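**Student:** coordinates only, sequence not included:
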Ligand SMILES: [Fe+2]
Ligand SMILES: [Zn+2]
């Protein structure tokens with residue numbers, strides 16, 4: 001039997017509910033009124049909220065409160081408001097409102113290997129798509145195999161990942177050795193782990209690196225779990241971690257046609273204090289101004305982060321063959337490649353997507369009953 005509310009007490013601005021388990025939950029009156037699900041308070045056609053909070057006084061209290069048996073072991077709270085409106089909640093509804101679902105992230109180091117998924121099954125089978133997205137949300141990385149090798153074919157990923165997030169330069173970026181190229185990836189040099197477009201206030205947060213052809217020696221792919229690494233740095237040197245969260249750093253990428261510049265700290269946290277964004281891009285990082293009061297501390301922290309990102313213990317190295325797509329969480333996972341050792345053909349295309357759309361595709365698969 002689901003846990004139900006066994007008693008209610010009226011306080012000055014909230015009901016106090018006691019569950020059969022003995023747990024207590026405070027239900028503020030304004031919250032109870034605001035979330036009323038009745039047909040007057042909702043747009044019936046769309047189930048959007050129609051009630052506006054300003055329509056009741058800020059010190060709203062109920063006229064009458066009752067706890068009724070609602071069948072199948074559930075109890076219902078009923079509230080009569082001073083204006084005659086009536087709101088009801090089942091215990092099970094209240095339980096569903098207790099907290100937001102939280103995804104446990106799985107952090108990794110150099111011993112990890114990204115999971116591989118079949119490209120066609122990912123696109124055609126909802127269960128396979130859900131499996132990949134769950135893995136991607138947990139680890140921030142996975143590889144699609146047996147994908148096409150035609151240019152621009154990563155457009156097809158939009159059916160699962162949502163629309164392409166366009167940025168400056170190209171809709172789909174071509175990475176091959178090019179003497180006129182605008183960044184280091186267009187040379188044969190090693191590209192140290194970094195994330196792309198740190199020079200945007202909101203960098204793209206899903207990146208598909210689609211290898212069309214790889215006949216080159218060297219050029220192995222490298223990935224690093226930026227979040228895992230920062231959590232370790234935080235545990236070992238909390239002061240260094242704090243300074244990376246606080247000091248604004250300019251990032252810039254440019255060409256003869258484009259300019260892209262943003263100033264942000266290297267590490268971003270969510271309101272719960274969890275690491276949610278890393279900006280690590282040596283090629284795009286510009287000079288931190290000398291007027292920065294914590295410049296010395298910042299450099300000690302940045303040095304330590306740079307050492308850790310580039311240590312073999314953090315790096316996962318593998319070869320991405322033609323017809324394989326590396327998917328990376330762009331705010332979390334740093335990617336790079338070893339130096340190209342021959343001039344065999346190598347052509348990679350990059351497309352960006354939005355993490356919200358990927359996450360919500362999984363939510364939609366669940367809500368629509370497809371999985
Ligand atoms: Fe890159
Ligand atoms: Zn209502």
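**Tutor:** All right, it came through fine. All values derive from a computational prediction rather than experimental measurement. Numbers count the residues shown, from 1 in each chain. Ligands and ions are numbered 1, 2, ... in the order given.

**Student:** which ones are touching the closest residue in space to residue 66 that isn't next to it in sequence?
**Tutor:** Excluding the flanking residues, the one nearest residue 66 by Cβ to Cβ, 6 or more residues apart in numbering is residue 78, at 4.7 Å. Every residue, glycine included, has its C-beta placed from N, CA and C. Counting by Cβ atoms under 8 Å, 6 or more residues apart in numbering, residue 78 touches 65, 66, 67, 68, 86, 87, 88.

**Student:** Try it again at 7 Å.
**Tutor:** 66, 68, 86, 88 (Cβ atoms under 7 Å, 6 or more residues apart in numbering).

**Student:** The third one - nearest residue in space that isn't next to it in sequence?
**Tutor:** Computed as Cβ to Cβ, 6+ apart, the closest residue to residue 86 that is not its neighbour in sequence is residue 80, at 5.5 Å.

**Student:** related to what we said a few turns ago, element containing the residue nearest to residue 66?
**Tutor:** strand 75-80 (DSSP states H and E).

**Student:** Same check on residue 347?
**Tutor:** strand 346-353.

**Student:** what's the answer for residue 325, then?
**Tutor:** With DSSP H and E as the criterion, the answer for residue 325 is strand 324-329.

**Student:** quick one: contacts of that strand?
**Tutor:** Residues outside strand 324-329 that contact it (Cβ under 7 Å, 6+ apart): 119, 136, 140-145, 147, 154, 205-211, 221, 223, 320, 335, 355.

**Student:** avg pLDDT for the following helix or strand past that strand?
**Tutor:** Per DSSP H and E, the first helix or strand lying C-terminal to strand 324-329 is strand 333-337. Here strand 333-337 scores 97 as its mean pLDDT.

**Student:** Ok, stretch 72-84 next?
**Tutor:** For stretch 72-84, the mean per-residue pLDDT is 89.

**Student:** Is it in proximity to ligand 2?
**Tutor:** No. Using Cβ under 5 Å from the ion, stretch 72-84 stays clear of ligand 2, coming no nearer than 8.8 Å.

**Student:** Which positions in that stretch come out as buried?
**Tutor:** If you call a residue buried by 16 or more other Cβ atoms under 10 Å, then stretch 72-84 has these buried ones: 74, 75, 76, 77, 79, 81.

**Student:** mind checking the end-to-end distance for it?
**Tutor:** 29 Å (Cα to Cα, to the nearest Å).

**Student:** and what of stretch 181-190?
**Tutor:** So stretch 181-190: terminal residues 15 Å apart, Cα to Cα.

**Student:** Identify the residues contacting it?
**Tutor:** Residues outside stretch 181-190 that contact it (Cβ under 7 Å, 6+ apart) are 175, 177, 178, 191, 253, 255, 283, 337, 338, 339, 340.

**Student:** what separates that stretch from the chain centre, distance-wise?
**Tutor:** The chain centroid and the centroid of stretch 181-190 are separated by 28 Å under Cα atoms, centre = their mean, to the nearest Å.
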